[in-house]
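Chemist: Need coordinates for the below:
(2 chains)
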Amino acid sequence: MSIRVRFAPSPTGQLHVGNARTALFNWLLARGSDGTFVLRIEDTDAERSTRESERTMIDDLRWLGLTWDEGPDVGGPHGPYRQSERQVHYDAAAERLVAAGRAYPCFCTPAMLDADRQAALAAGLPPKYSGRCRDLDADEIARRRAAGERPALRFAVPANREVVVHDLVRGDVSFSTDVIGDPIIVRSDGSPAYNFAVVVDDGEMEISHVVRGEDHLSNTPRQVLIYEALGRTPPVFAHLALVLGPDHAPLSKRHGATSVAEFRARGYLPEALVNYLGLLGWSPGGDEEIVSIEEMARRFDVSRVGHSAAVFDVDKLAWINRHYMKAAEPVRIARAALPFFERDGQVRASTDEALDYVASILPLAVGSVDRLDEIPARVAFLFAWEAGRAAALAGEEPDGARAVAAWADVLETREPLTDRERFRAATAAARERSRLKGRALFHPLRVALTAEASGPELDLAVPAIERGAALAPGAGVAPIPSCLERLRAVVGMTGKA
RNA sequence: GUCCCCAUCGUCCAGCGGUCAGGACGCGGCCCUUUCAAGGCCGAGACUCGGGUUCGAUUCCCGAUGGGGACGCCA
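Modeler: Numbers count the residues shown, from 1 in each chain, chains lettered A, B, ... in the order given. Okay, the predicted model is just below:
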């Protein structure tokens, strides 16, 4: 029988990277065989679930490349794939459990339950449901219903039994039913509760492997019991260790970016995030860590994922992202980086010329920068150039004024240095004219041209300036002063000083 | 409190009874170089502790300690 897995997020916010990793591992398991990957939306909490959240999660999943075969947007033979649309299935299953005497109405109010919990905790006892409504007689149930009370439905957990959860990453884990309270399976408003809905859905959707976070492990025995009561064989489980922050607390907002959307907005590439997430808790084997998602799928083996929680390491993600930025097609990076140039005002309209220009200056930044959003700052000297600061820095150089004057003289007589060869030719001329070489010749040029003491290589930076200066005003790029304009200004100011 | 899970460099992984305990990120140094990065090379850096089992434990078993999770009409 072929593998069927699912990713079942609750649309109550952004897609968290920990969940994205769960989705990835499910995807790898499905794609590694000829399995099926199902997307199911767990929106039984009407209060917190939103359609907007569902949309952004789907969007983020697609951005990551984690495509699914069945889901709310693509349909499939086991739909609907939104729990809010599956009420009839839950009703039917609940009826069966009631008929079999495995579920009973519970009239306890949230306030009573809360008081019970507080009391148990205070007494040092496990805060499990007291079982108060478990043996209500039929008359009382009928009377209270008639009186307008709306009971929830609880599953009756059998006493004194061992339940074994077969887990691919942890092996067999057993629990005593004595520590498990009767879970609510249907709320008083008729909607299904998590522990019930997952079982009904995973069962009916014929899910073979449930790969999810470790936080669900303690809930699993309840679910196994419900599978049994429904007369179904439970799927095989695989509980993934959690993703932690640097302080070993679960990764959360205070650690910085935690959602896929945030990483996306900060200029990480999807393949980089996917590659990194795949390395968290699993190893593709061998020494190579840069591995495509397809290759990961070929090598993936759930039973070989790590057992312990992993700390999310932003530095390593950055290293991987740097790698993929260098490997990617310049036009693609340019297109992805364009919004950051627009944000900084360096690009004012995303015209074809602007895109071409951005693509052409990428070599100045890619490789020295971790993220797309850092690219504009690396090339800011092209647009924001301050004559005063440039002159001041040039003045600090031993032969700064002489060098700058020589460069200016050379440029006066030449075509703009729009490519590396022209720049090199000009270099020879400037060296001869100034009788300077090495740092003494180049550093003054750098500070005069960029108003910065460091930055991209000059044989890349100079042509970038010249090509930018030649752009028409309608190109959508902020004005870029030419090398000659910059040098003239600096010569004028250092001359006065 | 009760139950469950986990434990190799700072971090992520490899190891599956005998290894100089390997790789990656990060860190330090050197090289390259007209600067900063990038890149190349080198280096420092770990088996939580205590009992067993065994000729031999990082590896198997038990316990302790530490970390995490669950115990909700959230998922």
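Chemist: Phi first, then psi, for A:Thr109.
Modeler: When quoted as degrees, to the nearest 10, the phi and psi of A:Thr109 stand at phi -90, psi 160.
Chemist: ok, A:Leu230 touching A:Ala92?
Modeler: No. Between A:Leu230 and A:Ala92 there is no contact under C-beta atoms under 8 Å: 10.3 Å. Glycine gets a C-beta too; all of them are placed from N, C-alpha and C.
Chemist: of these two, who's got more company?
Modeler: Taking neighbours as other C-beta atoms under 10 Å, A:Leu230 and A:Ala92 compare with A:Leu230 leading, 17 against 11.
Chemist: For the closest residue to A:Pro151 other than its chain neighbours, give me its contacts.
Modeler: Leaving aside its sequence neighbours, A:Pro151 sits nearest to A:Pro105 (C-beta to C-beta, 6 or more residues apart in numbering; 3.6 Å). Contact analysis of A:Pro105 by C-beta atoms under 8 Å, 6 or more residues apart in numbering lists A:Cys133, A:Leu136, A:Ile141, A:Arg145, A:Pro151, A:Ala152, A:Leu153, A:Arg154.
Chemist: List the buried residues in stretch A:395-415.
Modeler: Neighbour-count burial for stretch A:395-415 flags A:395, A:397, A:399-408, A:410-411 (criterion: 16 or more other C-beta atoms under 10 Å).
Chemist: That stretch close to RNA strand B?
Modeler: No. Shown here: stretch A:395-415 not in contact with RNA strand B (C-beta under 7 Å from any atom of the strand), separated by at least 10.7 Å.
Chemist: Tell me the strands beside the strand or helix carrying the residue nearest to A:Pro151, with direction?
Modeler: Element membership for A:Pro105 (DSSP states H and E) is strand A:103-106. Here strand A:103-106 has these sheet partners by DSSP bridges: strand A:152-155 (antiparallel).
Chemist: C-terminal to the strand it pairs with, what's the next element?
Modeler: strand A:162-167.
Chemist: Is whichever residue of the stretch 301-450 of chain A sits closest to RNA strand B in a helix, a strand, or coil?
Modeler: Distances between the stretch 301-450 of chain A and RNA strand B by C-beta to the nearest atom of the strand are smallest at A:Ser308, namely 2.8 Å. Judged by DSSP: H, G, I helix; E, B strand; the rest coil, the three-state class of A:Ser308 is coil.
Chemist: which ones are touching the closest residue to it other than its chain neighbours?
Modeler: The spatial neighbour of A:Ser308 that comes closest, neighbours along the chain excluded (C-beta to C-beta, 6+ apart), is A:Ala241 at 5.5 Å. Contacts for A:Ala241 (C-beta under 8 Å, 6+ apart) come out as A:Glu214, A:Gly281, A:Gly306, A:His307, A:Ser308, A:Ala309, A:Ala310.
Chemist: Look up phi and psi at A:Ala406.
Modeler: Dihedral angles for A:Ala406 - degrees, to the nearest 10 - are phi -60, psi -50.
Chemist: tell me how far the ends of stretch A:460-478 are from each other?
Modeler: By C-alpha to C-alpha, to the nearest Å, the extent of stretch A:460-478 from end to end equals 19 Å.
Chemist: anything in it near RNA strand B?
Modeler: No. Remark: stretch A:460-478 sits outside contact range of RNA strand B, by C-beta under 7 Å from any atom of the strand, the gap being at least 7.6 Å.
Chemist: which other residues reach that stretch?
Modeler: In contact with stretch A:460-478 (C-beta under 8 Å, 6+ apart) are residues A:345-351, A:353-354, A:357, A:360-361, A:363-364, A:379, A:381-383, A:416-420, A:422-423, A:446, A:449-450, A:455-456, A:479-483, A:485-486.
Chemist: Can you give me the buried ones in it?
Modeler: Buried residues in stretch A:460-478 (16+ other C-beta under 10 Å): A:460-469, A:471, A:475-478.
Chemist: closest to A:Pro339 among the residues you listed?
Modeler: The shortest approach to A:Pro339 among those belongs to A:Gly476, at 13.4 Å (C-beta to C-beta).
Chemist: what sits against A:Ala20?
Modeler: Neighbouring residues of A:Ala20 by C-beta under 8 Å, 6+ apart: A:Asp60, A:Leu61, A:Leu64, A:Leu66, A:Val260, A:Leu273, A:Leu277.
Chemist: Could you check which helix or strand contains the residue nearest to the fourth one when sequence neighbours are not counted?
Modeler: Across the structure, with C-beta to C-beta, 6+ apart as the measure, the residue nearest A:Leu66 apart from its sequence neighbours is A:Trp27 (4.7 Å). Here A:Trp27 sits within helix A:17-32, counting by DSSP H and E.
Chemist: thinking again about what came up before, next, give phi and psi for the residue nearest to A:Ser308.
Modeler: Backbone torsions for A:Ala241, taken as degrees, to the nearest 10, come to phi -60, psi 150.
Chemist: Tell me how far it lies from A:Phe263.
Modeler: 21 Å (C-beta to C-beta, to the nearest Å).
Chemist: do A:Gly71 as well
Modeler: 23 Å.
Chemist: What about A:Ala142, how many residues nearby?
Modeler: 11.
Chemist: And the strands in the stretch 1-150 of chain A, which stretches?
Modeler: A:4-7, A:36-39, A:103-106 (DSSP state E, counting those that start in this stretch).
Chemist: so A:Trp407 is in which element?
Modeler: Going by DSSP H and E, A:Trp407 is in helix A:400-412.
Chemist: Which residues of the stretch 251-400 of chain A lie near RNA strand B?
Modeler: Residues of the stretch 251-400 of chain A found near RNA strand B (C-beta under 7 Å from any atom of the strand) are A:279-283, A:285, A:287, A:289, A:304, A:306-311, A:313, A:315-316, A:318-319, A:322, A:326, A:367-369.
Chemist: Quick one, which of the residues you listed are buried?
Modeler: Taking 16+ other C-beta under 10 Å as the criterion, what is buried in those is A:Leu279, A:Leu280, A:Gly281, A:Trp282, A:Ala309, A:Ala310, A:Ala318, A:Arg322, A:Val369.
Chemist: my guess is the third one meets A:Val305, correct?
Modeler: It stands for A:Gly281. Yes. Assessed by C-beta under 8 Å, A:Gly281 is found in contact with A:Val305 at 5.3 Å.
Chemist: Which neighbours do those two have in common?
Modeler: Joint contacts of A:Gly281 and A:Val305 (C-beta under 8 Å, 6+ apart) are A:Leu240.
Chemist: by contact count, what packs against the worst-scoring helix or strand of chain A on mean pLDDT?
Modeler: Lowest by mean pLDDT, DSSP states H and E among the helices and strands of chain A is helix A:483-496, with a mean of 85. Judged by 3 or more C-beta pairs under 8 Å, 6 or more residues apart in numbering; DSSP states H and E, the packing partners of helix A:483-496 are helix A:387-396, helix A:400-412, helix A:438-450, helix A:458-469.
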